[in-house]
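1. Return atomic coordinates for the entry below.
(one chain, ligands or ions: 1)
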Amino acid sequence: MRLMILGPQGVGKGTQAALLCGQLKVPHISTGDLFRNHVAAKTPLGQRAYQYMSAGELVPDEVTNAMVDERLAAPDAATGYLLDGFPRTPDQAHWLTDTLRQGQELQAVVVLEAPEQELVDRLLLRGRDDDTPEVIRRRLDIYRSTTAPLLDYYADLVVPIDGAGTVDDVHRRIAAALTDRSAPGVPA
Ligand code: AMP
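-> Numbering: from 1, shown residues only. Next up, the predicted model:
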């Protein structure tokens, strides 16, 4: 299955993505993780990306798209994957649509939702290097202005999920919604 998971930072995307990938046996392709791996390995791409990441800004599309292109070409992505953190802008979404061959299109976009104050609280608890209040606000602003429009772009594929509650609650909601979507009318 070719899926994407979308939602503001702090909504539990990464955790849910990992659970879903384990269940569906597809690779978890997180652009944030790919960038962090490059930063840790001090590659030229990582050095370029770091200046943007540390400020909560988006890494330029040409860098991001090239990295995703390479990752999608890996053998383990041939039968499916879960994209997490990509696409994040309309231009990235258009690029992805043009890149995926016919018959290889995305099949569902899982959208996790939660109230903004809860997101900020969760992110401050997580305490990653780039989780300062200022950087968090900047990332949430970018989500609202630049990433949320993707909900319209992918309207036919969107599976909205309430992100409140425990990790297990949310996982069950996602699994049930995807089952309903692939077999409408059939009880899970
Ligand atoms: P994340 O782990 O998804 O929160 O991503 C961490 C940081 O990596 C973001 O704040 C951006 O600087 C960068 N990043 C991740 N995904 C993308 C993307 N699709 N486009 C541009 N920058 C990205």
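2. Next, count neighbours for the residue in the chain positioned nearest to the ligand.
-> Closest residue of the chain to the ligand, CB to the nearest ligand atom: residue 32 (2.0 Å). Every residue, glycine included, has its C-beta placed from N, CA and C. Residue 32: 18 surrounding residues under other CB atoms under 10 Å.
3. residues near the nearest residue to it once chain neighbours are set aside, how many?
-> Residue nearest to residue 32 in three dimensions, not counting chain neighbours: residue 85, with 4.7 Å by CB to CB, 6 or more residues apart in numbering. Applying other CB under 10 Å, we find 23 residues neighbouring residue 85.
4. shift numbering so it begins at 718
-> Sure thing, new numbering starts at 718, so read that last one as residue 802.
5. My guess is residue 802 contacts residue 745. True?
-> No - here residue 802 does not reach residue 745: they are 10.3 Å apart, not a contact under CB atoms under 8 Å.
6. Enumerate the residues of the chain near the ligand.
-> Proximity of the chain to the ligand (CB under 6 Å from any ligand atom) is limited to residues 726, 748-749, 752, 769-770, 773-776, 781, 802-803, 805, 809, 856.
7. Buried only: go through these for me.
-> 726, 748-749, 752, 770, 773, 775-776, 781, 802-803, 805, 809, 856 (16 or more other CB atoms under 10 Å).
8. Narrow the residues you listed to those in strands?
-> The strands, defined by DSSP state E, take in nothing from these.
9. ok, so of those residues, who is nearest residue 864?
-> Checking those against residue 864 with CB to CB, the nearest one is residue 805 at 5.0 Å.
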